[in-house]
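# No letters, just coordinates:
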């Protein structure tokens, strides 16, 4: 929802050929207190464009009677479309929303835009006594076109300044995101010890940023998202919300089971180590003891044969190995 609101505001402010008198920068923007409106991105965006932003008191629909009347008209049309659940699944009775669903969010957005431009704006409005498109055309007849911006100007106006280091790999990290670019290594080589680069990013799109040396801030170089499948088109508000959910999910788990398993593994390894060392000591002890006994037996045999000299006619022969 927040991204849709951001994109709708940008669309209303973007200059397009042939639509000079359609849409444009408003003086004041009024909304309810929903989180899709009350967030840092919307406030920053409207503040940079010098648009007054106010909100009605909560639970007071009469403070925004016109827009509430518009929503009533919109819902009457929407509930005539096949597949509606009439605001709640209970009112939809036996409608299988999962099995019978036929519209995507993107297709519904296209249908709603067509309904607003070609049906609601072209039908006679009871308070205006004419279609809204005719009333707008007459009001703008003797006035200058509404103020608009090019897409590049809007992007520049909405940039936020952030200081960050450039890593040895030529990447910039902040907001738990990272970007890379072909010119970042050159900028890094010119930075002094402990000096940070100047980063410009658009909170409405974190897919790319601009990096500049502090001595040359007016000539930034473009850097691209290292994870474009996530960052392209991502708003700062959406990223913060997703990051909070990610951290909350991580807090649901702990390492207690793994820590116990690691302790048991270390105990088994220590036991096997002690057993192996003991076997090695026993083997070495038996090896050292055996030669001594053999040598003692050999000596006794030689003494006995010397004592028996002369008793037999044969001259005793001694093995060389035994000598």
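Structure received. Source: prediction; values computed, not measured.
# what's the next secondary structure element after the helix or strand bottoming out on mean pLDDT in the chain?
Lowest on mean pLDDT, DSSP states H and E among the helices and strands of the chain sits helix 2-13, with a mean of 68. Toward the C-terminus, helix 2-13 is succeeded by strand 28-31 as the next helix or strand (DSSP states H and E).
# Surely residue 28 touches residue 52?
Yes - Residue 28 lies in contact with residue 52 (C-beta atoms under 8 Å); the separation is 4.3 Å. C-betas here are computed from N, CA, C, even on glycine.
# Quick one: distance of the longest strand along the chain to the chain centre.
Counting residues, the longest strand found in the chain (DSSP state E) is strand 205-212. When distances are taken as C-alpha atoms, centre = their mean, to the nearest Å, strand 205-212 is centred 15 Å away from the chain's centroid.
# what are the ranges of the strands in the stretch 151-300 of the chain?
In the stretch 151-300 of the chain, the strands defined using DSSP state E, counting those that start in this stretch lie at 160-164, 171-174, 177-180, 197-202, 205-212, 221-225.
# Please tabulate the ones you listed in JSON lines, including the columns mean pLDDT.
Below are the strands of the stretch 151-300 of the chain laid out as JSON lines (pLDDT from 0 to 100):
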{"stretch": "strand 160-164", "mean pLDDT": "91"}
{"stretch": "strand 171-174", "mean pLDDT": "95"}
{"stretch": "strand 177-180", "mean pLDDT": "96"}
{"stretch": "strand 197-202", "mean pLDDT": "93"}
{"stretch": "strand 205-212", "mean pLDDT": "93"}
{"stretch": "strand 221-225", "mean pLDDT": "95"}
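# Same list, those strands, but as JSON lines with distance to residue 256 and mean neighbour count please.
Shown next, in JSON lines, are these (distance: least, C-beta to C-beta, whole Å; neighbours: other C-beta atoms under 10 Å):
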{"stretch": "strand 160-164", "distance to residue 256": "37", "mean neighbour count": "14"}
{"stretch": "strand 171-174", "distance to residue 256": "31", "mean neighbour count": "18"}
{"stretch": "strand 177-180", "distance to residue 256": "31", "mean neighbour count": "20"}
{"stretch": "strand 197-202", "distance to residue 256": "39", "mean neighbour count": "21"}
{"stretch": "strand 205-212", "distance to residue 256": "36", "mean neighbour count": "20"}
{"stretch": "strand 221-225", "distance to residue 256": "36", "mean neighbour count": "18"}
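# Those strands: which one's closest to residue 237?
Ranking the strands of the stretch 151-300 of the chain by their distance to residue 237 (criterion: C-beta to C-beta) puts strand 205-212 first, at 10.5 Å.
# Compute the inter-axis angle for that closest one and strand 160-164.
60 degrees (axes from the mean of the first three to the mean of the last three C-alpha atoms, to 10 degrees).
# tell me the angle strand 205-212 makes with strand 197-202.
Counting by the same axes, to 10 degrees, strand 205-212 lies at 150 degrees to strand 197-202.
# List the contacts of residue 48.
157-158 (C-beta atoms under 8 Å, 6 or more residues apart in numbering).
# Mind pulling up the pLDDT for it?
The confidence metric pLDDT takes the value 82 at residue 48.
# swap in the one 3 residues further on?
According to the model's per-residue confidence, residue 51 sits at a pLDDT of 89.
# Which residues are in contact with the nearest residue to residue 166 once chain neighbours are set aside?
Leaving aside its chain neighbours, residue 166 sits nearest to residue 188 (4.1 Å; criterion: C-beta to C-beta, 6 or more residues apart in numbering). By C-beta under 8 Å, 6+ apart, the contact set of residue 188 is 166, 168, 170, 197.
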